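Novice: Below are the sequence and a predicted model for it; my questions follow.
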Amino acid sequence: MTKRVSYTLASTLESVNRAETIAAETAAKAGFSEDDQSNIAMAVREATVNAVLHGNAYDPQKRVLVVYEKTSDALVITIQDEGKGLDPLELPDPLAPENLMKGSGRGIFLIKAFMDEVKFRNTQPGTEITLIKHLGRSAANEEESK
Amino acid sequence: MTMKVSSRQVNGVTVVDMMGRITLGEGSVVLRDTIRDLLGKGEKKILLNLGNVTYIDSSGIGELVSAFTSVRNQGGELKLLNLTKKVHDLLQITKLYTVFDIRDDETAAVGAFK
């Protein structure tokens, strides 16, 4: 059974913390391990930071829409802003030697590291990022590696 | 939980005990201000004790990198002490684990400063 909850949040750091907390609670209820709960929460935090800071630029007139959807085998979270838009192909590689010591630019890299699937969509105006974590995948991988 | 910081002197090294979250906003700002204040006072041998740092995000990682660079640019040294598994894993993923001098014993860490 699919369960879907959505939140419309202001472009503030408080919203980032709220989106992160809800993500951790939703992941726990969905049955993810503690490690996965923490990783999902961090991915949502990073995506919401991007929406608030880089997308909406803290504009009080702009909102961030966060949707948490639990399907039969995954947790799907979408974060949408009303900013200028983002081209994921133009993001620099934070692991490249010339970027390694930079003070920023690791958020989307960490999101991709922690989630199973990450998709971007230009919503004109704005960007929607979809984060997907499959239930049971970590356990399956551990079993395969034994 | 907000970030709490206290510092102490051990054999010429400033040990900074950090507690809480280093994230965008307060935690990152506290770290930045702490490093700036220490450098302003001429304290350039800095050991950041992260044993009670429960969480760090990409902004916090960036702030650690900036701190490392700021201290090095002033001719000093910054080392990290007592990483939690989460912070350790994040530094591994971001390939920063080999950039920082990371220690798990305070006495040995203090002794390793030049």
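Specialist: On my side now, so go ahead. Bear in mind that the values here come from a model prediction, so they are computed numbers and not experimental data.

Novice: So in chain A, which helix runs the longest?
Specialist: Criterion DSSP state H: the longest helix present in chain A is helix A:13-30.

Novice: Is any residue of it near chain B?
Specialist: Yes. Applying CB under 8 Å from any CB of the partner chain, one finds helix A:13-30 in contact with chain B at A:13, A:16. The C-beta positions use only the backbone N, C-alpha and C, and glycine is treated the same way.

Novice: What average pLDDT does stretch B:103-112 get?
Specialist: The average of the pLDDT scores along stretch B:103-112 is 97.

Novice: One more: stretch A:40-53?
Specialist: On average, stretch A:40-53 scores 97.

Novice: same thing with stretch A:115-125?
Specialist: The pLDDT scores in stretch A:115-125 average 95.

Novice: Repeat that for stretch B:66-78.
Specialist: Here the average pLDDT along stretch B:66-78 is 97.

Novice: Which positions in it come out as buried?
Specialist: B:66-68, B:70-71, B:76-78 (16 or more other CB atoms under 10 Å in any protein chain shown).

Novice: Would you mind giving the secondary structure of B:F68?
Specialist: helix (DSSP: H, G, I helix; E, B strand; the rest coil).

Novice: hang on, it packs against B:G76?
Specialist: No. The pair B:F68 / B:G76 is not scored as a contact, 10.0 Å apart, by CB atoms under 8 Å.

Novice: Show me which residues of the longest helix of chain A are buried.
Specialist: For helix A:13-30, the neighbour count (16+ other CB under 10 Å) marks A:13, A:15-20, A:22-24, A:26-27, A:30 as buried.

Novice: Mind giving me the packing neighbours of it?
Specialist: strand A:3-10, helix A:34-49, strand A:63-70, strand A:74-80 (3 or more CB pairs under 8 Å, 6 or more residues apart in numbering or on different chains; DSSP states H and E).

Novice: Just tell me which of the ones you listed ends up closest to B:G20.
Specialist: helix A:34-49 (15.3 Å; CB to CB).

Novice: contact partners of that closest one?
Specialist: Residues from elsewhere that reach helix A:34-49, judged by CB atoms under 8 Å, 6 or more residues apart in numbering or on different chains: A:9, A:15-17, A:19-24, A:27-28, A:32, A:64, A:66, A:75, A:77, A:79, A:107-108, A:110-111, A:114-115, A:129, A:131, A:133, A:138, B:23-24, B:57-59, B:86.

Novice: how does it look with 7 Å?
Specialist: Residues outside helix A:34-49 that contact it (CB atoms under 7 Å, 6 or more residues apart in numbering or on different chains): A:15-16, A:19-20, A:23-24, A:27-28, A:32, A:64, A:66, A:75, A:77, A:79, A:107, A:110-111, A:114-115, A:129, A:131, A:133, A:138, B:24, B:57-58, B:86.

Novice: can I have it written out in PDB, keeping just the CAs?
Specialist: Provided in PDB are the C-alpha atoms of helix A:34-49 (Å, rounded to 0.1, in the frame of the first residue of the first chain):
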ATOM      1  CA  GLU A  34      19.500   2.700  11.700                       C
ATOM      2  CA  ASP A  35      22.400   3.300   9.200                       C
ATOM      3  CA  ASP A  36      19.900   3.700   6.400                       C
ATOM      4  CA  GLN A  37      17.700   6.000   8.500                       C
ATOM      5  CA  SER A  38      20.700   8.200   9.100                       C
ATOM      6  CA  ASN A  39      21.800   8.200   5.500                       C
ATOM      7  CA  ILE A  40      18.300   8.900   4.100                       C
ATOM      8  CA  ALA A  41      17.900  11.800   6.600                       C
ATOM      9  CA  MET A  42      21.200  13.200   5.600                       C
ATOM     10  CA  ALA A  43      20.300  12.900   1.900                       C
ATOM     11  CA  VAL A  44      17.000  14.800   2.500                       C
ATOM     12  CA  ARG A  45      18.900  17.400   4.500                       C
ATOM     13  CA  GLU A  46      21.400  18.000   1.700                       C
ATOM     14  CA  ALA A  47      18.600  18.200  -0.900                       C
ATOM     15  CA  THR A  48      16.600  20.600   1.200                       C
ATOM     16  CA  VAL A  49      19.600  22.700   1.900                       C
END
